[in-house]
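[1] can't give you the sequence, but here's the structure:
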DNA sequence: TAGCTTCATGCAACAAGTTGCATGGAGGTG
DNA sequence: CACCTCCATGCAACTTGTTGCATGAAGCTA
């Protein structure tokens, strides 16, 4: 299971409370392994029961913040997990299913839906590039820095891949609309989407 | 939910039984949306309750094969789903977490583990390329063919991305092993090989 | 015909992730 | 002080995906 080890990693980088963990996830590890605060609290309780982290008694301050810290056994577990063999994850993205579905029941208004998604990918790409410029501008990075940069660069490459897929799909769908080959198309199709003749 | 619609798609392509669906998944849609036979049977029951598919009474033959066929309501639902807006999925690959973990608790024997994974990606890439050569060699493909080819090409691009990440990671980890400099921004003078950049 | 294997279907239990809401403590405002 | 809002933690229920095993129906073999 990965979430527990993602939490160990984050806590090893810097001990903190559950809510702070959730906030940090939202702008670092969470880009690649999202987790809600619910998952995080639940998992922290498990980690403590395992003896991998300890929780310091709640400080005073807003709410009842309870700070967690990694124990040596947790670091050991993390080292073991890092070197363990593991399989690739499949892509498991709806887009791959949707395109095949469109091939069967289309044409539909899929292109418009993909336009929206394309925009999200562009925003993500932009975000990653700003982080890259901010955090990895130095010329002589440390080992840690280089590893984290590699992760970020993979995120960037992934966004570029999806942007490319979205663009190709949109082009292909529109092209097929403009040259309606045969087969009477099934008669559905909202007239709302006027075919823009400007190719992207 | 995607599995139900992946099943509708597969059944729309060709009506068949649960076990045949499972077999077909293993060599087509399942590359990008894996499903066990358990999920498939459970989901087929749901689809039938929804009125999206119907099951013909079991034939005779091996076991009690029960063939499912998509109903018009199912096709309608599939069309609706295809055009619905949807967000990108996060990458959610352990690799991204592992590299950050290694940055914290390393060095470990991570490179060896990645070597194994690299091999899997190469096998997958090879498989996809053989499918591409087999199914998409024609010069004037139909709309369906082009859409399905696009899906496959994205799979290929994805494998290339992960292969690149694995290679970069291995190079980086080994390089760091060989020059165990530390702290103080010391003089690692001859930087032999800069990390490879991602394809795009 | 008895026993073994394979096929197709399925139950049950679990693991992981999601969603909606609850609670109790701080702090701010009138 | 009374009230409201936010913060940090957490419960409960649900969905989705995984794992292990069970069962009945053919077919194969001796």
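    It's in. As the structure is a computational prediction, the values presented were derived from the model and not from experiment. Residues are numbered from 1 along each chain as shown, chains lettered A, B, ... in the order given.

[2] C-alpha from now on. contacts and neighbour counts both.
    OK.

[3] go through chain A and flag its longest helix.
    Looking across chain A with DSSP state H, the single longest helix is helix A:143-178.

[4] how about that helix: buried residues?
    A:143-163, A:165-167, A:169-170, A:172-174 (16 or more other CA atoms under 10 Å in any protein chain shown).

[5] any low-confidence regions in chain A?
    Within chain A, the stretches with pLDDT under 70 are A:58-63, A:176-200.

[6] for it, what lies in contact range of DNA strand D?
    A:17-20, A:37-38, A:41-42, A:45, A:62-67 (CA under 7 Å from any atom of the strand).

[7] which one of those sits closest to residue A:2?
    residue A:42 (13.8 Å; CA to CA).

[8] so residue A:102 sits in a helix?
    Yes - judged by DSSP: H, G, I helix; E, B strand; the rest coil, residue A:102 forms part of a helix.

[9] surely it touches residue A:108?
    Yes - at 7.0 Å, residue A:102 counts as touching residue A:108 under the criterion of CA atoms under 8 Å.

[10] intersection of neighbour lists for those two?
    B:79, B:82 (CA atoms under 8 Å, 6 or more residues apart in numbering or on different chains).

[11] who has more neighbours out of these two?
    The neighbour comparison of residue A:102 against residue A:108 (other CA atoms under 10 Å in any protein chain shown) goes to residue A:102, with 24 against 20.

[12] name the element the closest residue to residue A:155 other than its chain neighbours belongs to?
    Of all residues not flanking residue A:155 in the chain, residue A:128 sits nearest, at 7.5 Å (CA to CA, 6 or more residues apart in numbering or on different chains). For residue A:128, the host element (DSSP states H and E) is helix A:110-135.

[13] now swap in residue A:140 and tell me
    Here residue A:140 is assigned to no helix or strand, by DSSP H and E.

[14] for it, the count of nearby residues, please.
    Residue A:140 has 14 neighbouring residues, counting by other CA under 10 Å.

[15] for it, grab phi and psi.
    In this entry, residue A:140 is assigned phi and psi values of phi -120, psi 70 (degrees, to the nearest 10).

[16] what's the spacing between it and DNA strand D?
    To DNA strand D, residue A:140 is 36 Å away according to CA to the nearest atom of the strand, to the nearest Å.

[17] also residue A:116?
    Applying CA to the nearest atom of the strand, the value for residue A:116 to DNA strand D is 22 Å.

[18] for residue A:114, give me its contacts.
    Residues near residue A:114 by CA under 8 Å, 6+ apart: A:166, A:170, B:85.

[19] what do you get if the cut-off is 10 Å, keeping everything else the same?
    By CA atoms under 10 Å, 6 or more residues apart in numbering or on different chains, the contact set of residue A:114 is A:95, A:120, A:163, A:165-167, A:169-170, B:83-88.

[20] quick check, nearest of those residues to DNA strand D?
    residue A:95 (13.2 Å; CA to the nearest atom of the strand).

[21] show me the contacts for that closest one.
    A:101, A:114, A:117, A:162, A:165-166, B:2, B:32, B:82, B:86-89, B:151.

[22] so how far is DNA strand D from the closest residue to residue A:75 other than its chain neighbours?
    In space, residue A:75 comes closest to residue B:105 once its chain neighbours are excluded; the distance is 7.0 Å by CA to CA, 6+ apart. The spacing between residue B:105 and DNA strand D, counted by CA to the nearest atom of the strand, is 25 Å.

[23] ok, now residue A:121?
    The span separating residue A:121 from DNA strand D equals 22 Å under the rule CA to the nearest atom of the strand.

[24] which residues touch the nearest residue to that residue once chain neighbours are set aside?
    In space, residue A:121 comes closest to residue A:159 once its chain neighbours are excluded; the distance is 5.8 Å by CA to CA, 6+ apart. By CA under 10 Å, 6+ apart, the residues touching residue A:159 are A:118, A:120-126, A:128, A:153, A:165, B:88, B:91.

[25] can you list those in JSON lines and add distance to residue A:57?
    Listed next are the contacts of residue A:159 as JSON lines, based on distance: CA to CA, whole Å:
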{"residue": "A:118", "distance to residue A:57": "46"}
{"residue": "A:120", "distance to residue A:57": "41"}
{"residue": "A:121", "distance to residue A:57": "42"}
{"residue": "A:122", "distance to residue A:57": "43"}
{"residue": "A:123", "distance to residue A:57": "40"}
{"residue": "A:124", "distance to residue A:57": "38"}
{"residue": "A:125", "distance to residue A:57": "40"}
{"residue": "A:126", "distance to residue A:57": "41"}
{"residue": "A:128", "distance to residue A:57": "37"}
{"residue": "A:153", "distance to residue A:57": "39"}
{"residue": "A:165", "distance to residue A:57": "50"}
{"residue": "B:88", "distance to residue A:57": "40"}
{"residue": "B:91", "distance to residue A:57": "36"}
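
[26] residue A:91 - how many residues pack around it?
    21.

[27] tell me the secondary structure at it.
    coil.

[28] count of residues packed around the nearest residue to it once chain neighbours are set aside?
    Spatial nearest neighbour of residue A:91, excluding adjacent residues (CA to CA, 6+ apart): residue B:32 at 5.4 Å. Other residues lying near residue B:32 total 22 when counted by other CA under 10 Å.

[29] next, residue A:55: phi, psi?
    Dihedral pair for residue A:55: phi -110, psi 130, per degrees, to the nearest 10.

[30] that one reaches residue A:70, doesn't it?
    Yes - the pair formed by residue A:55 and residue A:70 meets the contact definition of CA atoms under 10 Å, at 8.9 Å.

[31] now for those two: what residues contact both?
    Overlap of the contact sets of residue A:55 and residue A:70 (by CA under 10 Å, 6+ apart) consists of A:15, A:16, A:48.

[32] phi, psi of residue A:54?
    Main-chain torsions, residue A:54, degrees, to the nearest 10: phi -130, psi 150.

[33] I misspoke; the intended subject was residue A:89.
    When read as degrees, to the nearest 10, the backbone of residue A:89 gives phi -90, psi 140.

[34] could you list which residues are in contact with it?
    Contacts of residue A:89 by CA under 10 Å, 6+ apart are B:32, B:91, B:92, B:93, B:94, B:95.
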